[in-house]
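A.B. asks: Need a 3D model of the sequence below.
(one chain, ligands or ions: 2)
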Amino acid sequence: MPRKVIITCAVTGSIYTPTMSEYLPVTGPEIADASIGAAQAGASIIHLHARDPESGRPSASTEHFMNFIPVIDQASDAVLNISTGGSSLMTLDQRLATARHISPEMCSLNMGSMNFGIFTLKQRYDNWKHDWEPELLDATRKTTFQNTYEDIEMILAELGQQGGSKFEFECYDMGHIETLAYYLRQGMVKAPLYVQFVLGVMGGIGASPENLMAMKASADRLLGDNYQFSVLAAGKHQIPLATMGVILGGNVRVGLEDSLTLPPGRMATSNAEQVEKIRTIIEELGHEVAKPDEAREMLELKGRDKVNRYS
Ligand code: KMH
Ligand code: ZN
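C.D. replies: Ligands and ions are numbered 1, 2, ... in the order given. As a prediction, the model looks like this:
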């Protein structure tokens, strides 16, 4: 049946580094332009991380976020989804600072502690723009991405129950869906849950059609009618598995946060280009892209007027 499909675009993230793509947005104006372009191309949710504008290093500074959040908000009605994952090298308080400050309509919530290995990217490059890039990649060999039960419960209570933000529940493996189901049984989260199946991050489940089928089967069994899903696959798997997600009845996430390329393997020159690609596929499959207010309705978001003013 034809339906509305939500496109999330994650425009910069904290995985890839400036050496890896000249198109990765880094400064406030670049992140704002990338987000506005993605929204114009059909993304109804923009998933946001910040970077230090001088070095391009992933940042959790509210000042850096404020270099682009008000600009995007002024130019578009897209849902702004603030990352609470930041990067695995940040403290939880750093990661939560901006979501606490603005109480957004949506924020990400990572459903378990895990290895989050991006060190293998290092071997692909020789000449780095910045010394911090290979150092940061190496650091992920000896750190874990910490999201304990206590961390998750604090975020659910503070940002969710008190602040009214809804979550993009990032599930990198089957156990993360079990954890979400536990919170559903406890009454700590309520339908409609927005579950992001994350495939292809080293340390999480691999990016394959079989794994996506298994994750969906698991979520169907554990979450029943209480959830909607979206598919995020890293690197070259992004568009193929997002397409499969649409066919399975889900929504999609694209953006340079998770892949710098477009099939069949060229560099994506913008976030909007990836949005346009998946939008074309969605429409060719007979569906429509959800507009921001339709996404708000589908996910029962609190609305833009309930977000703290951006200052
Ligand atoms: N880039 C994703 C695989 C977050 O922002 O909370 C991880 C992510 C985490 O999006
Ligand atoms: Zn993210």
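
A.B. asks: quick one: what helix or strand has whichever residue of the chain sits closest to ligand 1 in it?
C.D. replies: Closest to ligand 1 within the chain is residue 85: 2.2 Å, counting by C-beta to the nearest ligand atom. (Each C-beta comes from the backbone N, C-alpha and C, glycine too.) Residue 85 belongs to no helix or strand when elements are defined using DSSP states H and E.

A.B. asks: can you pull the contacts of residue 161?
C.D. replies: Counting by C-beta atoms under 8 Å, 6 or more residues apart in numbering, residue 161 touches residue 188.

A.B. asks: pLDDT at it, what is it?
C.D. replies: As predicted, residue 161 sits at a pLDDT of 98.

A.B. asks: Need the three-state assignment for it.
C.D. replies: Put simply, residue 161 is helix when judged by DSSP: H, G, I helix; E, B strand; the rest coil.

A.B. asks: now it: how far from residue 183?
C.D. replies: Residue 161 is 11 Å from residue 183, where distance means C-beta to C-beta, to the nearest Å.

A.B. asks: now for the host helix or strand of residue 175, which elements pack on it?
C.D. replies: Using DSSP H and E, residue 175 maps to helix 174-185. Counting contacts by 3 or more C-beta pairs under 8 Å, 6 or more residues apart in numbering; DSSP states H and E, helix 174-185 is packed against helix 149-155, strand 166-171, strand 193-199, helix 209-223.

A.B. asks: send the alpha carbons of the longest one over as PDB?
C.D. replies: Extracted C-alpha coordinates of helix 209-223, given in PDB (Å, rounded to 0.1, in the frame of the first residue of the first chain):
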ATOM      1  CA  PRO A 209      19.800  -8.200   4.200                       C
ATOM      2  CA  GLU A 210      19.600 -11.300   6.500                       C
ATOM      3  CA  ASN A 211      20.500  -9.200   9.500                       C
ATOM      4  CA  LEU A 212      17.900  -6.600   8.700                       C
ATOM      5  CA  MET A 213      15.300  -9.200   8.300                       C
ATOM      6  CA  ALA A 214      16.300 -10.700  11.700                       C
ATOM      7  CA  MET A 215      16.200  -7.300  13.400                       C
ATOM      8  CA  LYS A 216      12.700  -6.600  12.000                       C
ATOM      9  CA  ALA A 217      11.500 -10.000  13.000                       C
ATOM     10  CA  SER A 218      12.800  -9.500  16.500                       C
ATOM     11  CA  ALA A 219      11.300  -6.100  16.800                       C
ATOM     12  CA  ASP A 220       7.900  -7.400  15.500                       C
ATOM     13  CA  ARG A 221       8.000 -10.100  18.200                       C
ATOM     14  CA  LEU A 222       9.100  -7.900  21.000                       C
ATOM     15  CA  LEU A 223       7.500  -4.500  20.300                       C
END
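
A.B. asks: The very next helix or strand once past that helix pairs with which strands?
C.D. replies: Sequence-wise, the next helix or strand downstream of helix 209-223 (DSSP H and E) is strand 227-233. Strand 227-233 has the following strand partners under DSSP bridges: strand 193-199 (parallel), strand 251-254 (parallel).
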